[in-house]
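J.: coords below, sequence missing:
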């Protein structure tokens, strides 16, 4: 097999860094970030994590916890200091940190490692926007590295996991992914112990680490209550299932082809490498794929656990090719030998192209005016301007997609009806909201039930048209995106 060290190390590392920036610098601030900014602003003003809702008029004072409070403070500080451009930079910084850790968990020639990590990073571009889930990306990568090193070397390194878990439980409700990684690894190593490939003492140590991690998750402002929020977030509901991150991936979408490529590449190299797939890797890959198919936000887990497996078996596949153990591939060795002198130049050309793409995308994402415009695209900016000046009396109706932004613009003077915090709202309320949002036969009864006096609805929707035509209601504002209708 050809040596990979000298001519490829520097271009490979440069390609990794530029590729990470190119994949994640797309300047897409999701509307959900405003709900997190609301929480961050409240925490900054009151010096404590929220324990009750303060943003809605029907659930104000009801118990509500924000497990991602630490991340939300960070998001708020960044937005206040650098605006949407600062938020656009967070996925880039997070990806660099996370996939540097993942790279450390890989093995094999440097170009194989870089290729495996870039495929994983490309898949996370699906969820690369500013939100507390970025903490799960970085801390999940740290979990992958610690567990991989423990599997390879044993020792006491696994005891870093409770420290990471204590931090994770304060940064994102997705800290449960850490237990998914632990659980899959523990189950795999227990099966290996049954086969005589692992010691039960090592398995017992990892189980003890898992128990300490569960206790470490209590080290947050809510104590054991953080588990209630985590389990509530995992519980299906009519509103939660409408959120994009909780929906299954759309494999017809162009960006999903990167995820398909990641999985197909893994299957290919596992087959070509001729090495058995350890049961622990099988459980990690299978579990991560299942969770990704259930909810697209879990793609980050698949992107973290796949590169170590892909690099290890990719290196084995290359070794089989080079040694001739795969005769049908051996015919390409002569062509490779003739082209190999051009490989360093080709590598640097790839770096230059990738660096150019990264520079263009970074310049666009970090441009303050363009970033702020992109962050509010599709949001009712003009309607919020009108409401902030008009001070219309009474409770307000809004869609859950716009709730976070309207609260950001109008609170505390005006409370909202609903936002994307799906776990806050009981099923009966969600059913009423969906009746109203869809402009169904009972829409007027729901307005009366909740004493709603102002309706902010997307232009052209059934509810917008019904409210404008209803007796006792007057159109107060209209633009291409939203209408504001109020009781007389």
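T.: Nice, thanks for sending it over. Just so it is clear, the model here is predicted, and its values are computed rather than measured.
J.: Where does the spatially closest residue to residue 398 that is not a sequence neighbour sit: helix, strand or coil?
T.: Nearest residue to residue 398, sequence neighbours excluded (CB to CB, 6 or more residues apart in numbering): residue 456, at 4.8 Å. To be clear about C-beta, it is placed using only N, CA and C from the backbone, and glycine gets the same treatment. Following DSSP: H, G, I helix; E, B strand; the rest coil, we place residue 456 in the strand state.
J.: was I right about residue 456 contacting residue 395?
T.: No. With contact defined as CB atoms under 8 Å, residue 456 does not count as touching residue 395 (11.5 Å).
J.: higher neighbour count, those two?
T.: Taking neighbours as other CB atoms under 10 Å, residue 456 and residue 395 compare with residue 456 leading, 29 against 17.
J.: which stretches of the protein have low pLDDT?
T.: Residue ranges of the chain with pLDDT under 70: 1-8, 27, 126-127, 321-343.
J.: what does the domain assignment say about it?
T.: Taking automatic domain parsing as the reference, the chain has its domains at 9-30+65-365, 381-487.
J.: Include distance to residue 38 when you put these into CSV, please.
T.: Converted to CSV, the domains of the chain look like this (distance: least, CB to CB, whole Å):
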stretch, distance to residue 38
domain 9-30+65-365, 9
domain 381-487, 5
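J.: Strands of the stretch 251-400 of the chain, start to end?
T.: With strands called from DSSP state E, counting those that start in this stretch, the stretch 251-400 of the chain shows them at 396-397.
J.: all helices for it, in order.
T.: Assigned helices in the stretch 251-400 of the chain, in chain order: 256-273, 279-294, 299-323, 327-330, 332-339, 343-365, 368-375, 381-390, 400-410 (criterion: DSSP state H, counting those that start in this stretch).
J.: other SSEs contacting the longest one?
T.: What that stands for is helix 299-323. Counting contacts by 3 or more CB pairs under 8 Å, 6 or more residues apart in numbering; DSSP states H and E, helix 299-323 is packed against helix 69-105, helix 110-124, helix 133-153, helix 176-194, helix 256-273, helix 279-294, helix 327-330, helix 332-339.
J.: Indicate which one of the ones you listed is closest to residue 11.
T.: Judged by CB to CB, the one of these that comes nearest to residue 11 is helix 110-124, at 8.7 Å.
J.: Now do the closest one and helix 279-294, the angle between them.
T.: For helix 110-124 against helix 279-294, the angle by axes from the mean of the first three to the mean of the last three CA atoms, to 10 degrees is 30 degrees.
J.: Can you pull out the residues in contact with helix 110-124?
T.: Outside of helix 110-124, the residues within contact range by CB atoms under 8 Å, 6 or more residues apart in numbering are 4-5, 8-9, 12-13, 15-16, 19-20, 23-24, 95, 99, 102-103, 106-107, 137, 258-259, 261-262, 265, 299-300, 302-304, 306-308, 310-311, 314-315, 318, 347.
J.: what's the spacing between residue 308 and residue 351?
T.: To residue 351, residue 308 is 24 Å away according to CB to CB, to the nearest Å.
J.: and if you look at residue 61?
T.: Going from residue 61 to residue 351 by CB to CB gives 56 Å.
J.: Look at the two and report which has more neighbours.
T.: Using other CB under 10 Å, the more surrounded residue of residue 61 and residue 351 is residue 351, with 20 against 9.
J.: In contact with that one: list those residues for me.
T.: Residue 351 sits next to 11, 14-15, 18 when contact means CB under 8 Å, 6+ apart.
J.: Check which helix or strand residue 36 maps to.
T.: Assigned by DSSP states H and E, residue 36 belongs to helix 33-46.
J.: Enumerate the positions of that helix that are buried.
T.: 33-43 (16 or more other CB atoms under 10 Å).
J.: which one of the residues you listed sits closest to residue 355?
T.: Nearest to residue 355, judged by CB to CB, of these is residue 33 at 28.3 Å.
J.: shouldn't the closest one be in contact with residue 75?
T.: Yes. In terms of CB under 8 Å, residue 33 counts as a neighbour of residue 75; the distance is 6.7 Å.
J.: rewinding a little: indicate which one of the domains of the chain is closest to residue 52.
T.: Closest to residue 52 of these is domain 9-30+65-365 (CB to CB; 9.0 Å).
J.: ends of that closest one, how far apart?
T.: End-to-end distance for domain 9-30+65-365, by CA to CA, to the nearest Å: 29 Å.
J.: Can you give the distance of it from its chain's centre?
T.: Its chain's C-alpha centre and that of domain 9-30+65-365 lie 11 Å apart, by CA atoms, centre = their mean, to the nearest Å.
J.: hang on, the earlier thing: distance to residue 411 for the helices and strands packed on helix 299-323 - can I get that in CSV?
T.: Formatted as CSV, these follow (distance: least, CB to CB, whole Å):
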stretch, distance to residue 411
helix 69-105, 13
helix 110-124, 32
helix 133-153, 24
helix 176-194, 30
helix 256-273, 36
helix 279-294, 33
helix 327-330, 62
helix 332-339, 62
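J.: Can you tell me which of those helices is most buried?
T.: helix 110-124 (a mean of 25; mean count of other CB atoms under 10 Å).
J.: what's the angle from it to helix 133-153?
T.: Angle between the axes of helix 110-124 and helix 133-153 is 150 degrees (criterion: the same axes, to 10 degrees).
J.: please begin residue numbering at 54 from this point
T.: Understood, numbering begins at 54; the last thing we discussed is helix 163-177.
J.: Backbone torsions only: list them for residue 528.
T.: Residue 528 adopts backbone torsions of phi -70, psi 120, taken as degrees, to the nearest 10.
J.: what's around it, how many residues?
T.: When neighbours are counted by other CB under 10 Å, residue 528 registers 14.
J.: Verify the contact between it and residue 522 for me.
T.: No. Look at residue 528 against residue 522 with CB under 8 Å: they stay out of range, at 9.8 Å.
J.: Over to the nearest residue to residue 178 once chain neighbours are set aside. Which of the three states is it?
T.: Using CB to CB, 6+ apart and skipping the chain neighbours, the partner closest in space to residue 178 is residue 76 (4.6 Å). In terms of secondary structure, residue 76 is helix; the call rests on three-state DSSP.
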